[in-house]
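Engineer: here is the input, now give the coordinates:
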Amino acid sequence: MLVKVYGSAVFGVEATTITIEVNIDKGIGYHLVGLPDNAIKESSYRIAAALKNNGYQLPGKKITINMAPADLRKEGSAYDLTLAIGILVASGQLQSDEVDRYIIMGELSLDGSLQPIRGALPIAIKAKEEGFKGFFLPKQNLKEAAIVSDLEVYGVDNVQEVIDFFEGKGTIQPAVFDTREEFYKTLDFPESDFSDVKGQESIKRCMEIAAAGGHNIILIGPPGAGKTMLAKRLPSILPPMTLREALETTKIHSVAGKVKEAGLMNQRPFRSPHHTISNVALVGGGSYPQPGEISMAHNGVLFLDELPEFKREVLEVMRQPLEDREVTISRAKFTVTYPSSFMLVASMNPSPSGFFNNSESSISSSPHETSRYLNKISGPLLDRIDIHIEVTPVPFDKLSEERKAESSASIRERVIKAREIQVLRFTDYEKVNYNAQMSTRLIREFCTLDENSKQLLKSAMERLNLSARAYDRILKVARTIADLENATEIGSHHIAEAIQYRSLDREGWLG
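Structural biologist: Okay, the predicted model is just below:
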């Protein structure tokens, strides 16, 4: 008897429906075809034990299973439940005409219980698009898949529940999940707050500008100046995620298997990889490509602490994703693209000793040592960072102040107002939501300068020997500063402030 059941494979952040054809005929043998990997080939042992422990059996006949499309490589153990249900229907142990109306996925344990899978959200989205009635999956993944409306999503604990459902004996009900209600109900500020930071008013101003325009920023200062503390509080002043951004972010984390019982993500991700990270772990890849840290930080913040300590080749692979806001991983037979629109926040010491060049200081590095240290970071990468700012230690009188600093909530209000201006500005432009995403053409359109501003910028370009990319960055930052003031035109004082935020472009910036 021939039976068709349906599963799904995830490539990148999109799912592809897999048709699993099970044929049982005279003879002996278990033949699995359609480019399965080793985890799928080993499934026969898990399926046999799970069925036997639940009162069923693997038929002692010739079982042929084809996973179509046969030229697409399938990987992972998530097809165990799909194969088991197909075998039961094909062997007559389960009588049902409904199995082909559902996507069925789950990894089986030997007692028939189910283990969580990866990519539940993109699979559910694809199931809805292709008109399937419902989706069976492990209960641990239920919240994440139930985000999709107009699809019956059943979270199950073991294979017996699925069998009972198709035999009409089951009591399991589809999940009811109001995506919008759940999203807005739990929308809140992160725990860290800028009111904890003493002093550093100029740095907070930079962080506000970076958040308002989505600009990349690098903090340069000695140990203990507060670089990490400031960076970790940046998400608290970013605008709340929109529902679309939340779905995009959840999709990526679902593919990486990082969502499970969390459901819809409503906080912007903050990723802080260690400096020993490999380039594959940072941008994504592997034999079966998985999203890297830059994609896990999509719609959020990627924080690289002690930037010069990262391997140079690791930092260089970020150059293209920083421009294109997506990363494409190519293999011989397929290509996957992961979105990577993130804010890069980096921190570094000004020299190997950790301190600015100061002839009066007992701890100092030679100019040669400092130059060699800074050369670990390439010019093209620094060009892609819009704001460079020096962080100096906080004096005692500021540290001992009782007065509470400005809270993240009040800074966030100004950031949201600036972002609203940008959303209206870029309404007609796809994939452009804030100033940092502007192309050269959009910069020419929205960053027009008067004669005084042009002369000021020309003088800075010549004196600091700035690149064309740095010129664009200054204009983008100036546009954001003007938006924070609700100014229609960019003024010379906006340009002057933006030029100040290019510390690493200035000769002798170490003092």
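Engineer: make it CA atoms for all contacts and neighbour counts henceforth
Structural biologist: Fine.
Engineer: how about stretch 53-62: buried residues?
Structural biologist: Q57, L58, P59 (16 or more other CA atoms under 10 Å).
Engineer: ends of that stretch, what's the gap?
Structural biologist: By CA to CA, to the nearest Å, the extent of stretch 53-62 from end to end equals 22 Å.
Engineer: which residues touch it?
Structural biologist: Stretch 53-62 has contacts (CA atoms under 8 Å, 6 or more residues apart in numbering) with 24-31, 47-48, 51-52, 87, 91, 93, 110-112, 160.
Engineer: of the residues you listed, which belong to helices?
Structural biologist: Applying DSSP state H to the contacts of stretch 53-62, the entries found in helices are I47, A48, L51, K52, I87, Q160.
Engineer: the third one is in contact with G112, isn't it?
Structural biologist: Yes. With contacts defined as CA atoms under 8 Å, L51 counts as touching G112 at a distance of 6.8 Å.
Engineer: where's the residue nearest the centre of the chain relative to S254, distance?
Structural biologist: Compute the mean C-alpha point of the chain, and by CA atoms, centre = their mean the closest residue is M296, 2.6 Å away. M296 is 10 Å from S254, where distance means CA to CA.
Engineer: skip ahead from whichever strand or helix holds L137 and say which helix or strand is next.
Structural biologist: Using DSSP states H and E, L137 sits in strand 134-138. Next helix or strand after strand 134-138 toward the C-terminus (DSSP H and E): helix 142-145.
Engineer: any idea how far that following helix is from the middle of the chain?
Structural biologist: Here helix 142-145 is found 18 Å from its chain centre; the criterion is CA atoms, centre = their mean, to the nearest Å.
Engineer: for stretch 169-181, same thing?
Structural biologist: 27 Å.
Engineer: show residues contacting that stretch.
Structural biologist: For stretch 169-181, using CA under 8 Å, 6+ apart, the contacting residues are 142-143, 146-148, 152-156, 161-162, 164-165, 243, 264.
Engineer: if any of these are buried, put those into a ChimeraX selection.
Structural biologist: To isolate the buried subset of those in ChimeraX, counting by 16+ other CA under 10 Å, use the following:
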select :142,143,146,147,148,152,153,154,155,156,161,162,243,264
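Engineer: farthest pair in the contacts of stretch 169-181?
Structural biologist: D164 and L243 (36.0 Å; CA to CA).
Engineer: circling back: so which of the contacts of stretch 169-181 sit within strands?
Structural biologist: E152, V153, Y154, G155, V156 (DSSP state E).
Engineer: closest one to A127 out of the buried residues of stretch 53-62, please.
Structural biologist: For the buried residues of stretch 53-62, the nearest to A127 is L58 (28.4 Å; CA to CA).
Engineer: gap between the closest one and Q95?
Structural biologist: 16 Å.
Engineer: now C206
Structural biologist: For C206, the distance to Q95 - CA to CA - is 66 Å.
Engineer: okay, those two: which has more neighbours?
Structural biologist: C206 (20 against 15; other CA atoms under 10 Å).
Engineer: no further questions, thank you.
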